[in-house]
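Peer 1: Fold the following for me, if possible:
(one chain, ligands or ions: 1)
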Amino acid sequence: MATIGIDFKIKTVMFNDTRVKLQIWDTAGQERFHTLSTSYFRGAQGFVLVYDITNLKSFQSITIWINDIYEKAGDEVDVILLGNKCDKESERVVPKQKGEKLAWEYGMPFFETSAKENVNIEHAFSVLTKEILEKKSGVLHDLDVVSLNEAKKRTCCAF
Ligand SMILES: Nc1nc2c(ncn2[C@@H]2O[C@H](COP(=O)(O)OP(=O)(O)OP(=O)(O)O)[C@@H](O)[C@H]2O)c(=O)[nH]1
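Peer 2: Numbers count the residues shown, from 1 in each chain. Down below sits the predicted model:
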């Protein structure tokens with residue numbers, strides 16, 4: 001069934017002994033719902049862009065979505081690209097190399113997946129989760145350094 005507007009699911013996964021709660025928002029991919037989805041971009045930590053390897057138009061739309069993401073969510077967010085339906089090899093119209101090239105141009109991880117046959121789905125989400133967590137811990141670390149420096153300054157000035 002086509003997604004109208006937005007749908008979301010919550011999944012808790014274990015990641016290096018840490019419980020991580022993923023809130024996964026599924027936006028409608030169809031053009032006529034596009035504007036509806038854009039208001040949900042802000043606040044997202046990661047994006048999974050999915051095209052259908054048997055549908056050229058879905059691949060061509062990816063560039064529009066990438067630009068939208070960077071424009072509306074900032075270019076610091078983590079994005080991965082998935083070429084889905086890799087179980088339908090005989091109907092493939094998008095060569096794997098094209099997906100790889102596009103992902104390489106934007107510096108994002110790329111996987112071919114099959115939601116139907118559960119190929120690479122967990123792996124793709126793990127990679128994205130890892131990138132988000134690493135970025136987050138980096139930010140926390142930076143903030144710690146800043147607050148330590150601030151604390152030092154304050155101590156210094158108080159004397
Ligand atoms: N063979 C195959 N079919 C798939 C796969 N993933 C999804 N489908 C089928 O493709 C159709 C569309 O799937 P959706 O999950 O609704 O696709 P979507 O991109 O979310 O579509 P919107 O909700 O319109 O944005 C359904 O009939 C699914 O069963 C896959 O990996 N392989």
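
Peer 1: Would you map the helices across this protein?
Peer 2: 34-38, 56-73, 96-106, 121-158 (DSSP state H).

Peer 1: Rounded mean pLDDT for the last one, please.
Peer 2: It refers to helix 121-158. Taken as a whole, helix 121-158 has an average pLDDT of 65.

Peer 1: And for stretch 14-27?
Peer 2: 87.

Peer 1: One more: stretch 94-111?
Peer 2: Per-residue pLDDT over stretch 94-111 has a mean of 97.

Peer 1: ok, and for it, which residues are buried?
Peer 2: By 16 or more other C-beta atoms under 10 Å, the buried positions in stretch 94-111 come out as 94, 99, 102-103, 106, 108-111. Using the backbone N, CA and C atoms, a C-beta is placed for each residue, glycine as well.

Peer 1: Can you say which two of those residues are spatially most distant?
Peer 2: Val94 and Pro109 (17.2 Å; C-beta to C-beta).

Peer 1: what number of residues lie near the nearest residue to Val93 once chain neighbours are set aside?
Peer 2: Distance criterion C-beta to C-beta, 6 or more residues apart in numbering; nearest residue to Val93, sequence neighbours excluded, is Leu56 at 5.1 Å. Residue neighbour count, defined by other C-beta atoms under 10 Å, stands at 13 for Leu56.
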